[in-house]
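Visitor: Please work out how this folds:
(one chain, ligands or ions: 1)
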Amino acid sequence: MTDTAIPTTQPQRKAVALISGGLDSLLAAKVVMEQGVHVEGINFYTGFCVEGHTHAIRKKDKDKQKRNNALWVAEQLGIKLHIIDISEEYKDIVINPKHGYGANLNPCLDCKIFMVNQAQAWAWAEENGFDFIITGEVIGQRPKSQRKETMPIIARESGADDRLLRPLCAKNLIPTLPEREGWVNRDELYDWSGRSRKPQFELAKKFGFEDYAQPAGGCCFLTDPNYSKKLADLWQARGERRYELDDIMLLKVGRHIRPKDNFKLIVSREEGENNFLRGYKKEFTSIHTISHGGPLTLLDGTFDKDDIKLAAQIVARYSGGRTADKVTVEVENYQGTSYVMDVAPMPVHEVKEEWHV
Ligand code: SF4
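Guide: Residues are numbered from 1 along each chain as shown. All right, here's what the predicted structure looks like:
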C-alpha cells in the first residue's frame, strides 16, 4: 500500500479575526479554527485601549496583570497577531461618528465598521488573500452596535458584506458566504443573543480557557462615563472637538479639576501618576509643593498670575500641608524657568464639587 496523501479538493480557507483581547473574540476565533480554517488575528490600537495604561501607571493597580490581552489571546489560540496602530485615522471616528455615540462618547457602530473595513483593506493588501473576517459580536450584547438591525449595517458599510462572519450569533443571521460555500459548517456555529455571559463562560470552559480577561473592564475608555465626561470637557474648553494622543493619555491619569473655563489642573493621585506626569513637564506648566509632600500638578489651558495662584492654593489643599497656614510651591513653566511662592491652602469645602471633571 502506498502512503500518498489524499488530495483535498478545497484549499484551506483563511480568515482574519478581530481580536480585542476579551473573551468574545477569543471564542469566535476558536470556533472557526476548530473547523479547520487558518486564522490570523488583528488588533487595532486606537489610543483609547484600557489595558496596559492605567494599570501600568497606577501603583494601586500594581497587582493587576499588565499583559497585553490581545497578544495573550493570540498566544492561547496559537495564532499570529497583527497589531496595527490606527490612532490617527481613528480620530475622525471619535470626533464625527456618522451613526452617533452610544451611552457615552463611544462611537461603537462607526468603530466596528471602521475596524472591519480596516481589516479587510489590510487583508486585501496582503498577497495571501484572506477569505473572510471574524468578529466576536453577539446580538443584543451592546445596546447600540450589537443590535440585530445594526449587524447588516456593519457588514455593508465596512465593505466586507457577507464575508463577515460572527460565529457566536451566526445562526440568528442570514448565512454568510463562508457558510454558503461550506468553508465553515453553520450547524457548528452559535445562536447567542442578549446580555447574558453564561454561554460564553460555558464555551470557554469547554475549550479549556480559564484565565481570560474579564469583559467588565470594556475594551476601551470611550465606554467609561467618567472618561467621556473628561473628553467632553476638553472639547468644550478648546471650543472644538480635537485631540492629540497625549491629550487622551492624560485623561486617564490624575484628578482633573477645572476651577475656571480657561484652565484645568491635572493633579496626580499617587506616586505612579506623579512619575508619569513628570514626563510632561516640558510641555505644561507644573506646580509641586516644596514645604510639604504633595502631588505633581500640570496646568492645561491658558492662565495668568491670579489663575496660577488659585491653582497653587488648590494644589496645596491636596498636599501634606492642607491644614498648614501656608504651603510653599514651585511653579515651573515648560521651558524650565521657575519661581517659588507661598500660598494658603484652599479649605477643602471651597474646592467645589462641580470643578471636578
Ligand atoms: S467599545 Fe470602543 S473599541 Fe469597542 S466598539 Fe465601542 S468604540 Fe470601538
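
Visitor: right, and the helix or strand after the lengthiest helix in the chain?
Guide: Taking DSSP state H as the criterion, the chain has its longest helix at helix 108-125. Once the chain leaves helix 108-125, the next helix or strand it forms, by DSSP states H and E, is strand 132-134.

Visitor: can you list the residues of this protein near the ligand?
Guide: By CB under 6 Å from any ligand atom, the residues of the chain that approach the ligand are N106, P107, C108, C111, K112, S145, G218, C219, C220, L222, T223. (C-beta placed from N, C-alpha, C; glycine too.)

Visitor: give me that answer again for 5 Å
Guide: Proximity of the chain to the ligand is confined to N106, C108, C111, C219, C220, L222, T223 under the rule CB under 5 Å from any ligand atom.

Visitor: Kindly state the pLDDT recorded for the closest residue to P167 other than its chain neighbours?
Guide: Residue nearest to P167 in three dimensions, not counting chain neighbours: V31, with 4.2 Å by CB to CB, 6 or more residues apart in numbering. Predicted confidence (pLDDT) for V31: 98.

Visitor: and if you look at the one 5 residues further on?
Guide: Among the per-residue scores, G36 holds a pLDDT of 95.

Visitor: For the residue of the stretch 151-300 of the chain found nearest the ligand, give me its contacts.
Guide: Proximity of the stretch 151-300 of the chain to the ligand (CB to the nearest ligand atom) peaks at C220, 3.3 Å away. With contact taken as CB atoms under 8 Å, 6 or more residues apart in numbering, C220 is in contact with T46, F48, C49, V50, N106.

Visitor: just those residues now: which is nearest L81?
Guide: C49 (14.1 Å; CB to CB).

Visitor: Next, the closest one: phi, psi?
Guide: The phi/psi pair for C49 (degrees, to the nearest 10) reads phi -60, psi 140.

Visitor: And F221, by the same measure?
Guide: phi -70, psi -20.

Visitor: so it makes contact with T46?
Guide: No: the pair F221 and T46 does not pass the contact test of CB atoms under 8 Å, sitting 9.2 Å apart.

Visitor: quick one on the thing from earlier: could you report the distance from the residue of the stretch 151-300 of the chain closest to the ligand to L231?
Guide: For C220, the distance to L231 equals 12 Å [CB to CB, to the nearest Å].

Visitor: what do you get for A160?
Guide: For A160 relative to L231 (CB to CB), the value is 29 Å.

Visitor: Could you do E137 as well?
Guide: From E137 across to L231, the span is 25 Å (CB to CB).

Visitor: higher neighbour count, these two?
Guide: Set side by side, E137 and L231 show more neighbours around E137, with 26 against 23, by other CB atoms under 10 Å.

Visitor: Just after the helix or strand of the chain with the lowest mean pLDDT, pick out the following helix or strand.
Guide: Within the chain, no helix or strand scores below helix 54-57, which has a mean of 59 by mean pLDDT, DSSP states H and E. Downstream of helix 54-57, the next assigned helix or strand under DSSP H and E is helix 69-77.

Visitor: before we move on, the earlier item: what about F221 and T46, which has more around it?
Guide: A direct count of neighbours by other CB under 10 Å for F221 and T46 places F221 higher, at 24 against 21.
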